[in-house]
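[1] I'll drop the sequence and a predicted model, then ask my questions.
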Amino acid sequence: DGGITQSPKYLFRKEGQNVTLSCEQNLNHDAMYWYRQDPGQGLRLIYYSQIVNDFQKGDIAEGYSVSREKKESFPLTVTSAQKNPTAFYLCASSIGAEHSYEQYFGPGTRLTVT
Amino acid sequence: AQSVTQLGSHVSVSEGALVLLRCNYSSSVPPYLFWYVQYPNQGLQLLLKYTTGATLVKGINGFEAEFKKSETSFHLTKPSAHMSDAAEYFCAVIIWGTSYGKLTFGQGTILTVHP
């Protein structure tokens, strides 16, 4: 089955540690996205990538970093510089940037930092 | 600037009753509009979308929405609620840049269905 996988489902870290969230897709999509979800705030775009080896900041990129070395993978690193990292993180993909409105979402990773 | 406002963070209905979730948008250009559904601790699933053409769009699970340009609205409806409809619903609008369209989401509406 084609789809997007995110691992792990739940992640716990101590404050001051960097943590990397995995996102893999086998849909052969060119574009991938990372969102952060907080209660009552909808989804906010962190980073997006239209093609391999290219990515752009979204609305709330501070304290996060990404890489796009392979078409299938778009990992997100939450750095110690992110002031409030506890949230639900969602990865998505689309066929291409021109079809960015047809985004398919992964199941999400809930990150808790204490 | 384009934005999306969902009226009511929580909506509660009885099973079998009409579901109405409200969404208003602001856009300087013709919008593309979407409704997504999210079940607890899961990702988002596209319910329906409006891009061009017929203003009444039908989606999955018996939902539909009507684009009303004069009211800048895209309200989501379902004639008869089912217990399985309990979830959070997000309205979204696409904001087009030079080559990339960014989805902007509303704050979400949690739908509760009681027996």
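    Everything's here; your move. The shown structure was predicted, so the numbers you read here are calculated from the model rather than taken from an experiment.

[2] ok, what's across the strand from residue A:49?
    The partner list for residue A:49 in beta bridges (DSSP bridges) reads residue A:32.

[3] give the contact list for it.
    With contact taken as C-beta atoms under 8 Å, 6 or more residues apart in numbering or on different chains, residue A:49 is in contact with A:31, A:32, A:33, A:55, A:56, A:66, A:68, A:74. (Each C-beta comes from the backbone N, C-alpha and C, glycine too.)

[4] just checking, the fourth one touches residue A:46?
    No. Checked against C-beta atoms under 8 Å, the pair residue A:55 and residue A:46 is beyond contact range at 10.3 Å.

[5] Any chance you could list what contacts the longest strand along chain B?
    Ranked by number of residues, the top strand in chain B under DSSP state E is strand B:87-96. Strand B:87-96 is contacted by residues A:42-43, A:100-101, B:2-4, B:6, B:21, B:23, B:25, B:27, B:29, B:31-40, B:44, B:47, B:74, B:76, B:101-106, B:108-111 when judged by C-beta under 8 Å, 6+ apart.

[6] same thing with stretch A:66-84?
    A:15-26, A:28-30, A:32, A:34, A:46-47, A:49, A:51-55, A:62-65, A:85, A:89, A:91, A:93, A:111, A:113.

[7] same check, this time on stretch A:10-21
    Applying C-beta under 8 Å, 6+ apart, the contact partners of stretch A:10-21 are A:6, A:75-80, A:85, A:89, A:91, A:109-114.

[8] what about stretch B:51-62, near chain A?
    Yes. Counting by C-beta under 8 Å from any C-beta of the partner chain, chain A has neighbours in stretch B:51-62: residue B:51.

[9] What residues sit buried inside that stretch?
    Within stretch B:51-62, the residues scored as buried using 16 or more other C-beta atoms under 10 Å in any protein chain shown are B:57, B:59.

[10] Let's verify the spatially most central residue of chain A: helix, strand, or coil?
    In chain A, the C-alpha nearest the mean C-alpha coordinate belongs to residue A:34, at 2.9 Å (C-alpha atoms, centre = their mean). Per DSSP: H, G, I helix; E, B strand; the rest coil, the secondary structure class of residue A:34 is strand.
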